[in-house]
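Chemist: build me a model from this:
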Amino acid sequence: MPEALEPADLEAGVVAFLKSRATLVPLVGERVFAGELPENQAAAMPRKAIVLKSSGGVSITGNSFVLQDAQRIDVFAFGETPHEAAKLMRVIALELKLLRRSVHAGVLLQSANTASGASGDREPQVEWPRMFQSFQIFHALTKVEQE
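Modeler: Model prediction:
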C-alpha cells in the first residue's frame, strides 16, 4: 500500500519564499503573513507588510491524476503611504517572477505568473494604504522534503 501523502500548505510555502528574498527582508522583515494580518500587528500599522490569501481560479490539472496544480494567490502589500505600498508591490511582483523550481516550507514551488495587474486601495475600516495583485502559483499538491 502506498505511503500516506501529506497535503502541501501553499500559502506557507509562498510566505517562506518571500521571507527568504534579500530585497524584501530590509523592507518587511518577518512581516509576511498568510490569510490575514495578525491582530498583534495592527497597533503598528500602517507600515510595510505582506498578506497572502488563496483565491479562486481554474485548475490546470483538474482532469488528471497529476499531483501538481496552479492556485491563484492574492497578494496585499501594505505601506505607510499609497506610494510606499505600490513600491513594495513592485518588489514582490519582481521576486515572484524570479521564482524558479524550489522547495520552501515543504512546498515545491514551480513558478509564479501574474494573474492580474496591481490595484491600489485602502484596507476596509482602518484605511491603511495597500496594493493588491493576483499571481498564479504552479506547485506540488503534496508536501515534499527540503531540497
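
Chemist: for Leu108, identify the helix or strand it belongs to.
Modeler: strand 107-114 (DSSP states H and E).

Chemist: typed the wrong thing, it's Ala77
Modeler: strand 68-78.

Chemist: quick one, that strand and strand 107-114 angle?
Modeler: Using axes from the mean of the first three to the mean of the last three C-alpha atoms, to 10 degrees, the direction of strand 68-78 lies 70 degrees away from that of strand 107-114.

Chemist: what sits up against the helix or strand of the chain with the lowest mean pLDDT?
Modeler: Each helix and strand of the chain was given a mean pLDDT (mean pLDDT, DSSP states H and E); the minimum falls on strand 119-122 at a mean of 88. Residues from elsewhere that reach strand 119-122 (C-beta atoms under 8 Å, 6 or more residues apart in numbering): 82, 85-86, 128-133. (C-beta placed from N, C-alpha, C; glycine too.)

Chemist: immediately after it, which helix or strand?
Modeler: strand 129-140.

Chemist: helices and strands around that following strand, which ones?
Modeler: Where contact means 3 or more C-beta pairs under 8 Å, 6 or more residues apart in numbering; DSSP states H and E, strand 129-140 is packed against helix 10-19, strand 68-78, helix 82-97, strand 107-114, strand 119-122.

Chemist: out of the ones you listed, which is closest to Val144?
Modeler: Between Val144 and the helices and strands packed on strand 129-140, the shortest gap by C-beta to C-beta is with strand 107-114, which sits at 4.9 Å.

Chemist: state the paired neighbours of the closest one in the sheet, together with their directions.
Modeler: strand 102-104 (antiparallel), strand 129-140 (antiparallel) (DSSP bridges).

Chemist: please identify the most buried of those.
Modeler: Mean neighbours per residue, mean count of other C-beta atoms under 10 Å, is largest over those for strand 129-140, with a mean of 21.

Chemist: circling back: buried stuff in the strand holding Ala77?
Modeler: For strand 68-78, a neighbour-count test (16 or more other C-beta atoms under 10 Å) marks 69-78 as buried.

Chemist: ok, back up a step: identify the residues contacting the strand holding Leu108?
Modeler: By C-beta under 8 Å, 6+ apart, the list of residues contacting strand 107-114 reads 8-10, 12-14, 16-17, 68, 93, 96-97, 99-103, 133-140, 143-144.
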